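A.B. asks: my questions concern the predicted model and sequence given below.
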Amino acid sequence: MSVTGIMFNTGIGQHILKNPLIVNSIIEKAALRPTDVVLEVGPGTGNMTVKLLEKAKKVVACELDCRLVAELQKRVQCTPMQNKLQILVGDVLKTDLPFFDICVANLPYQREFAMRLVAPPGDKLYCRLSINTQLLARVDHLMKVGKNNFRPPPKVESSVVRIEPKNPPPPINFQEWDGLVRIAFVRKNKTLSAAFKSTAVEQLLEKNYRIHCSLHNVEVPADFSISKKIEGVLQEASFSEKRARSMDIDDFMV
């Protein structure tokens, strides 16, 4: 419960960041400019919101809980910050968002998730999430945040990460890329040769290959073998004995 008497719903990740030192550190590491429009997801009672309003041109705060929206409105009412704050009520994933320069948020995830985002090849936490995130963005782990810095305290420790989208984004078809790494990381400790020998994988790839050939008027030989085709491609790229757990973005780009 907060000082305002609101019962927080931990089922939807309502853990309010109460430590002002952590809040200030997050704001500092965000390196906001006076011209920035900031999106804040889940502002809660506004501990971070008021700090963002001091630094940014405008804050767009998206909050699901109408009770917290009312508390946030009270907090900025009749202050110079009121005109700089736009509140959107609803699920941020289902909301049409206006333009913003940067997103700063206290999101409900545990430290292991953060470490998966930044995990390098070879790390035990390196996974499909790691390589996909690092393909599209630069990701940095900024600091650890203990559970006692939140009200109510969650059951897990947390971390702060910074994600900067790459501009321009890599010139790839992400759907095709994700299809590749999805297969490779299902069993990341297995060789790619073993990963691609799954019956389900072979059936999927053969279907896709035949569709590709049909679209490009390429005849598929009667004795065509998808198993031999896959092994040939892997051997040509010297990938047969490689394992996803130790492959970086450049390896998959070949």
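C.D. replies: Nice, thanks for sending it over. Note that the structure is a prediction, hence the values are computed from the model and not measured. Numbers count the residues shown, from 1 in each chain.
A.B. asks: pull the contacting residues for the residue most central in space within the chain.
C.D. replies: The centroid of the chain falls nearest to Thr133 when counting by Cα atoms, centre = their mean (6.4 Å). Counting by Cβ atoms under 8 Å, 6 or more residues apart in numbering, Thr133 makes contact with Leu117, Val139, Ile163. No exception for glycine: its C-beta is placed from N, CA and C like everyone else's.
A.B. asks: pretty sure Glu40 is in a helix, no?
C.D. replies: No. Under DSSP: H, G, I helix; E, B strand; the rest coil, Glu40 falls outside any helix and is assigned strand.
A.B. asks: mind listing what it touches?
C.D. replies: Met48, Thr49, Leu52, Val59, Val60, Ala61, Cys62, Cys103, Val104, Ala105.
A.B. asks: one more time with 10 Å
C.D. replies: Counting by Cβ atoms under 10 Å, 6 or more residues apart in numbering, Glu40 touches 46, 48-49, 52-53, 56, 59-63, 72, 85, 87, 92, 100, 102-106.
A.B. asks: select only the buried ones of the residues you listed in PyMOL?
C.D. replies: To isolate the buried ones among the contacts of Glu40 in PyMOL, judged by 16 or more other Cβ atoms under 10 Å, type:
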select buried, resi 46+48+49+52+53+56+59+60+61+62+63+72+85+87+92+100+102+103+104+105+106
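A.B. asks: in helices, which of the contacts of Glu40 appear?
C.D. replies: Of the positions in the contacts of Glu40, Thr49, Leu52, Leu53, Leu72 sit in helices, assigned by DSSP state H.
A.B. asks: identify the farthest-apart pair in the residues you listed.
C.D. replies: The distance between the two most remote of those (Cβ to Cβ) is 11.8 Å, for Leu52 and Leu72.
A.B. asks: now do the residue of the chain most remote from its centre, the pLDDT please.
C.D. replies: Distance to the chain centre peaks in the chain at Ala222, reaching 44.4 Å (criterion: Cα atoms, centre = their mean). On pLDDT, Ala222 comes in at 92.
A.B. asks: run through the residues that contact it.
C.D. replies: Contact analysis of Ala222 by Cβ under 10 Å, 6+ apart lists nothing.
A.B. asks: same deal with the one 3 residues further on?
C.D. replies: For Ser225, the contacting residues are Glu202, Glu206, Glu231, Gly232, taking Cβ under 10 Å, 6+ apart as the criterion.
A.B. asks: how about a markdown table for the residues you listed, with neighbour count, distance to Leu21 and secondary structure added?
C.D. replies: Below are the contacts of Ser225 laid out as a markdown table (neighbours: other Cβ atoms under 10 Å; distance: Cβ to Cβ, whole Å; DSSP: H, G, I helix; E, B strand; the rest coil):
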| residue | neighbour count | distance to Leu21 | secondary structure |
| --- | --- | --- | --- |
| Glu202 | 16 | 55 | helix |
| Glu206 | 17 | 58 | helix |
| Glu231 | 15 | 57 | helix |
| Gly232 | 12 | 58 | helix |
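A.B. asks: now, among those residues, which is nearest to Lys242?
C.D. replies: Glu231 (13.5 Å).
A.B. asks: what residues are up against the closest one?
C.D. replies: Ser193, Phe196, Lys197, Ser225, Ser240.
A.B. asks: so the first one belongs to a helix, correct?
C.D. replies: To tie it back to what came earlier, the one meant is Ser193. Yes. Secondary structure of Ser193 (three-state DSSP): part of a helix.
A.B. asks: what pLDDT does the residue lying closest to it once chain neighbours are set aside get?
C.D. replies: Leaving out its chain neighbours, the residue that sits closest to Ser193 by Cβ to Cβ, 6 or more residues apart in numbering is Ser240, at 4.2 Å. Predicted confidence (pLDDT) for Ser240: 93.
A.B. asks: same thing with Ile211?
C.D. replies: 96.
A.B. asks: pull out the buried positions in the one helix or strand it maps to.
C.D. replies: Per DSSP states H and E, Ile211 falls inside helix 199-215. Neighbour-count burial for helix 199-215, counted by 16+ other Cβ under 10 Å, picks out Val201, Glu202, Leu205, Glu206, Tyr209.
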